[in-house]
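# Show me the folded form of this:
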Amino acid sequence: MDSTDTPSAAGAGAPGPLRMTVRRGTAADAPALAAFGWRVFFETFAPDNDETDLKAYLDAAYTPDRQAAEMADPAIDTWLLEVDGVLAAFTQLKAGAPPEGVAATRPIELWRFYVDRPWHGRGVAATLMQTVEHTARARSADTIWLGVWERNVRAQAFYRRQGFTVAGAHIFVLGSDPQRDLIMTKVLGPGS
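Numbers count the residues shown, from 1 in each chain. Alright, predicted model coming up:
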């Protein structure tokens, strides 16, 4: 699933179907992905967080060197979704040990999943989630797990619509601020 063109129904008031392409991220994408991730995370969480903590986290997590290293890491799968050649969303899955409460034999973490605001409600997230599930199955995962901020109600609702349920909670440190994330899981049954 290295490249997929996906015509999708457009959102209300949009002129027509979106032309979406999902492709694996490469080292050449690192600068654009770092800038995109930094901006989208900031726009999403700035209203509810201390700017110093937010920028400390972002300046460490979203640099071109960091993104290039993540895309070179065999434990991480990075996928970019573009609409008419413009980056609209990205996701990263990460193999590794899950937190307590995730009961699975072969779990994989949906580590990052971000959609730029203009594409909310237009089928972009659902299309990208199909790639997440395909990738998880290709890695022989039996469960996808993720952490989502307890105050991010919109994301929680999306994940519930995609079949995720709450399995616990853990702490995510944003800068110097320990925050509570809900742990959500989805068991990958045959053909689910």
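# quick one, phi/psi of residue 50?
phi -70, psi 130 (degrees, to the nearest 10).
# Residue 90 versus the residue nearest the centre of the chain, what's the distance?
For the chain, the residue nearest the mean C-alpha position is residue 113 (1.1 Å; C-alpha atoms, centre = their mean). From residue 113 across to residue 90, the span is 8 Å (C-beta to C-beta, to the nearest Å). Yep, even glycine has a C-beta here, placed from its N, CA and C like the rest.
# now swap in residue 107 and tell me
21 Å.
# Those two: which is more packed in?
Regarding residue 107 and residue 90, a neighbour count based on other C-beta atoms under 10 Å identifies residue 90 as having more, with 25 against 21.
# Run through the neighbouring helices and strands of the helix or strand harbouring the more buried one.
Element membership for residue 90, per DSSP states H and E: strand 86-94. Packing partners of strand 86-94 (3 or more C-beta pairs under 8 Å, 6 or more residues apart in numbering; DSSP states H and E): helix 30-45, strand 76-83, strand 107-115, helix 124-138.
# Show which residues not belonging to the helix or strand following the first one make contact with it.
When you say that, I think you mean helix 30-45. On the C-terminal side of helix 30-45, the closest following helix or strand by DSSP H and E is helix 51-61. Helix 51-61 has contacts (C-beta atoms under 8 Å, 6 or more residues apart in numbering) with 37, 38, 41, 42, 45, 46, 66, 173, 174, 175, 176, 177.
# change it to 10 Å
34, 37-39, 41-42, 45-46, 48-50, 66-67, 70, 112, 172-177, 179 (C-beta atoms under 10 Å, 6 or more residues apart in numbering).
# Make a PyMOL selection of the buried ones in the residues you listed.
Command for PyMOL, covering only those of the contacts of helix 51-61 found buried under the criterion 16 or more other C-beta atoms under 10 Å:
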select buried, resi 34+37+38+41+42+45+49+66+67+70+112+174+175+179
